[in-house]
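1. A predicted structure for the sequence below; I have some questions about it.
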Amino acid sequence: MLMLVNGDYVPQGNGLQSAKGDEAVLQRMLMKLTARRGQFPFMENFGSRLWTLDRLRPAERQAAAEQYVLEALRDEPGLMVEQVTLAENGGKASLTVNAVKDERRLTACPVAVTAVTNEKAFTGGLSEETDEELRQRILDSFQRLPNGANAAWYELTACRHEGVAAAKAVGKARGAGTVDVYVSAPDGIPSEKLLTELQTVFQKSREIAVNVQVKAPTAATVNVAVTVKTAEGTDFANVKTAVEADLAEQFNGKLLGRGVKLAELNSRIYALPGVENCHITAPSADLAANDTVLPVLGTVTVTEEA
């Protein structure tokens, strides 16, 4: 096992320093806790989700940190995690993991674990584009070539504007020679300011004799209720937090014009660590796709299977 210090390998002579015994166990712990889970195509379960802590509310981070540490170290033979301590100060966070292996106590403090606390609410911005989203965007650019007059051109023009997460163009919305462009913001319904800015953009670049209106979509509230059976040795509170966070991440402005399928919701929840089985009781049916509608998350109720 190679030695890691502050996230970097330690040189030794013409090579790299290695670790043995308890030090090797600590190095494996540090690597698993520091590596970003889900970033390795052929090792999907390697690493931890600690890097996502800043997406959660401050009150939820300690419980989530405990769950993420257990996930990352689950396959370490003979290791028992005793305590996980998350300390935040000035927008930065430190994590200490106390564990026992073969009656010997080990303490690991992974680096690069940070959290951000905003005293005031902020607006705008987009989450980092995933590989799959980039792949789909490239495919769409070839399959739906904009020509200055079709729906693809209106949608592409809108999405290039800062603060737009998705766009849908509806031709002949108000009769011949009319186009309605529905847009969404990263956090859902767009502001009047954003709509006004886009209206100006299209007023300058639209086709001659075409009446273009930029509109906010209709919000369709989706209340989700799910019953979860947790895996043996898993804390339900941690699983509940993970389910709530996953649903909150899924319902964003990019859902404009898309439906909500119970099978997809169930599949995402079932794939979460610590979930042995799940059953969605609400909504009772799929929400059909509609170019003028944006599904938004309402209440989330997660109950433990008796």
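-> Nice, I can see it.
2. which other residues reach whichever strand or helix holds Ala63?
-> Element membership for Ala63 (DSSP states H and E) is helix 58-73. Helix 58-73 is contacted from outside by 29, 32-33, 37, 47-50, 52-53, 56, 79, 81, 84, 86, 88, 93, 95, 97, 99, 115, 117, 235, 237-239, 241-242, 245, 273-274, using Cβ atoms under 8 Å, 6 or more residues apart in numbering. Placement of C-beta: from N, CA and C, glycine included.
3. quick one, the helix or strand that it is followed by and helix 58-73 angle?
-> Next helix or strand after helix 58-73 toward the C-terminus (DSSP H and E): strand 79-89. Counting by axes from the mean of the first three to the mean of the last three Cα atoms, to 10 degrees, strand 79-89 lies at 150 degrees to helix 58-73.
4. for strand 79-89, which helices and strands make contact with it?
-> Contacts defined by 3 or more Cβ pairs under 8 Å, 6 or more residues apart in numbering; DSSP states H and E place strand 79-89 against helix 58-73, strand 92-101.
5. return a ChimeraX selection command for the buried portion of the contacts of helix 58-73.
-> Remark: buried members of the contacts of helix 58-73, expressed as a ChimeraX selection using 16 or more other Cβ atoms under 10 Å:
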select :29,32,33,37,47,48,49,50,53,56,79,81,84,86,88,93,95,97,99,115,238,239,241,242,245,273,274
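6. show only the entries of the contacts of helix 58-73 found in helices.
-> Among the contacts of helix 58-73, DSSP state H puts 29, 32-33, 237-239, 241-242, 245 in helices.
7. let's have these in a markdown table, adding pLDDT and distance to Glu132.
-> Output for the ones in helices among the contacts of helix 58-73, formatted as a markdown table (pLDDT from 0 to 100; distance: Cβ to Cβ, whole Å):
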| residue | pLDDT | distance to Glu132 |
| --- | --- | --- |
| Met29 | 82 | 30 |
| Lys32 | 83 | 25 |
| Leu33 | 84 | 26 |
| Ala237 | 93 | 31 |
| Asn238 | 92 | 27 |
| Val239 | 93 | 25 |
| Thr241 | 93 | 25 |
| Ala242 | 93 | 21 |
| Ala245 | 91 | 19 |
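8. would you turn those residues into a markdown table with distance to Glu66?
-> Shown next, in a markdown table, are those (distance: Cβ to Cβ, whole Å):
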| residue | distance to Glu66 |
| --- | --- |
| Met29 | 15 |
| Lys32 | 15 |
| Leu33 | 12 |
| Ala237 | 9 |
| Asn238 | 6 |
| Val239 | 12 |
| Thr241 | 10 |
| Ala242 | 11 |
| Ala245 | 14 |
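9. next, count neighbours for Glu304.
-> Neighbourhood size, Glu304 [other Cβ atoms under 10 Å]: 12.
10. doesn't Asp235 make contact with it?
-> No. If you go by Cβ atoms under 8 Å, Glu304 and Asp235 don't touch, sitting 10.5 Å apart.
11. center of the chain - which residue?
-> Centroid check for the chain by Cα atoms, centre = their mean gives Glu249 as the closest residue, at 4.6 Å.
12. which secondary structure state does that one sit in?
-> helix (DSSP: H, G, I helix; E, B strand; the rest coil).
13. contacting residues around it?
-> Arg55.
14. show the pLDDT at it.
-> Here the pLDDT value assigned to Glu249 is 88.
15. and for the one 4 residues further on?
-> Note for Gly253: predicted pLDDT of 88.
16. any idea how many residues pack against it?
-> Per other Cβ under 10 Å, the neighbour tally for Gly253 reads 22.
17. contacts only, for the closest residue to it other than its chain neighbours.
-> What sits nearest to Gly253 in space, not counting adjacent residues and going by Cβ to Cβ, 6 or more residues apart in numbering, is Ala165, at 3.1 Å. For Ala165, the contact set (Cβ under 8 Å, 6+ apart) comprises 126, 159, 183-186, 252-254, 256.
18. possible to save those as TSV with secondary structure?
-> Output for the contacts of Ala165, formatted as TSV (three-state DSSP):
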residue	secondary structure
Leu126	coil
Cys159	helix
Val183	strand
Ser184	strand
Ala185	strand
Pro186	coil
Asn252	coil
Gly253	helix
Lys254	helix
Leu256	coil
